[in-house]
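[1] Provided below for reference: sequence and predicted model.
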Amino acid sequence: MNYYCLVAGLPDIQKDDIKGFLSPAELLDEISPQLSEEDAALLRLLYARYDNANFLTFLREKEVKPGTFGVLNTQDWEELVRLMQEEDHPKDKRLLPYYISYFRSAQEDEDFLKGMSPDDFLAGLYYDYAMQSSNKFVSSWFEFNLNLNNLLTAVFCRKHKINPEKLIVGQNEVAKILRTSHARDYGVGGLFEYTEEVIKLAEEVDLLEREKKVDALKWDWLEEHTFFHYFTIERVLAYVLRAEMLQRWKMLSFETGSEIFRNLLASMKQGIKINA
């Protein structure tokens, strides 16, 4: 399905923009009503990363704090958790399958995390689910991000002599190799085409400069993989993802970046990874 009016009406954005674009929450409200049911589900999948955090927050605190970009609110989670408690095979369009997997694991196995953080365990389920999408752009985007983030984690762990086994998420081939490889290219040079580029940018000592280079790589990936998609859902999703990057940079300061790094290092040494 093509979205001529929607795509034509989206404001132009560039890598260094810090104004003139809609926030992720505004984009969700603006775009969702204009999409087919199938395409709206793809957009929902992108925003599920925020729902993931809200899901874990709800399980801990029985509420979801306002101001997040998630699709589901506290009332939704109350209903969905109750549904998972009462039914063996709960069915609800709001309930993505990997939420059920996480909830069942938590209920049935006290040590289900096996040393991982709840965030990383759920992220692994999220990526594994998203990579099964029938939309090639979406599945490829999630696989690219999984490999990118896991390789950055592996480089970080090797540099600081931290065991990466519990910090690598997902179950694809690259993730499995990164957990144990001692090769110069971390054993994935032939599987992930951006391996050398990611290893090189991981050497950047300035945290914010490194983050900018990572986002530039993502930005270029999005442009490359939507070059021949003019008014399709792929073009819309790529726009949302780019706007999300710009929103993050608009909010990020040097002090914030330094704090993230310090927390990341301290938490990794304790066997827990914080997702920035």
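    That came through fine.
[2] remind me which residues of this structure are low pLDDT?
    Applying pLDDT under 70 to the chain flags the ranges 18-20, 66-67, 253-276.
[3] What about it, which residue is the most distant from its middle?
    Centroid-distance maximum for the chain: residue 86 at 29.6 Å, with C-alpha atoms, centre = their mean.
[4] Let me know the distance separating that one from residue 6.
    Separation of residue 86 from residue 6 (C-beta to C-beta, to the nearest Å): 39 Å. Quick note: C-beta positions are derived from backbone N, CA and C, even for glycine.
[5] Check residue 199 too.
    From residue 199 to residue 6 the distance is 39 Å (C-beta to C-beta).
[6] now the helices for the stretch 51-200 of the chain?
    74-86, 97-108, 118-130, 136-159, 173-178, 195-201 (DSSP state H, counting those that start in this stretch).
[7] Going by contacts, tell me the helices and strands next to the fifth one.
    Meaning helix 173-178. helix 136-159 (3 or more C-beta pairs under 8 Å, 6 or more residues apart in numbering; DSSP states H and E).
[8] How about residue 148, nearest residue that isn't a chain neighbour?
    residue 198 (6.1 Å; C-beta to C-beta, 6 or more residues apart in numbering).
[9] correct me, but the one you found touches residue 153?
    No. Using C-beta atoms under 8 Å, residue 198 and residue 153 do not qualify as a contacting pair, with a distance of 10.7 Å.
[10] what touches both of those two?
    With contacts defined as C-beta atoms under 8 Å, 6 or more residues apart in numbering, no residue is shared by residue 198 and residue 153.
[11] Please look at residue 215 and residue 246 and confirm they touch.
    No. Taking C-beta under 8 Å as the definition, residue 215 is not a contact partner of residue 246, at 9.0 Å.
[12] out of those two, which sits in the more crowded spot?
    residue 246 (23 against 17; other C-beta atoms under 10 Å).
[13] quick one, what contacts the residue nearest the centre of the chain?
    With distances taken as C-alpha atoms, centre = their mean, the chain has residue 49 as the residue nearest its mean C-alpha position (5.4 Å). Counting by C-beta under 8 Å, 6+ apart, residue 49 touches residue 126.
[14] so it is in which element?
    Using DSSP states H and E, residue 49 maps to helix 37-61.
[15] That helix versus helix 118-130: what angle between them?
    For helix 37-61 against helix 118-130, the angle by axes from the mean of the first three to the mean of the last three C-alpha atoms, to 10 degrees is 160 degrees.
[16] And helix 37-61, what's buried?
    Of all the residues in helix 37-61, those buried under the rule 16 or more other C-beta atoms under 10 Å are 39-40, 42-58.
[17] tell me the contacts of residue 47?
    Residue 47 touches 24, 28, 69-71, counting by C-beta under 8 Å, 6+ apart.
[18] and with 10 Å instead?
    Residues near residue 47 by C-beta atoms under 10 Å, 6 or more residues apart in numbering: 24-25, 27-28, 32, 69-72, 240, 244.
[19] same deal with residue 249?
    15-18, 208, 211-212, 215.
[20] and if you look at residue 68?
    Taking C-beta under 10 Å, 6+ apart, one finds 24-25, 50-51, 53-54, 57 in contact with residue 68.
[21] ok, and what's touching stretch 131-142?
    Counting by C-beta under 10 Å, 6+ apart, 38-39, 41-43, 45-46, 97, 126-130, 143-146, 170-172, 218, 221-222, 225-226, 229, 232-235, 237-238, 241 sit against stretch 131-142.
[22] For that stretch, measure first residue to last.
    One end of stretch 131-142 to the other measures 6 Å (C-alpha to C-alpha, to the nearest Å).
[23] in that stretch, what's buried?
    Buried residues in stretch 131-142 (16+ other C-beta under 10 Å): 131, 133, 135, 137-138, 141-142.
[24] quick one: that stretch to chain centroid distance?
    13 Å (C-alpha atoms, centre = their mean, to the nearest Å).
[25] Then stretch 30-39?
    That offset, for stretch 30-39, works out to 21 Å (C-alpha atoms, centre = their mean).
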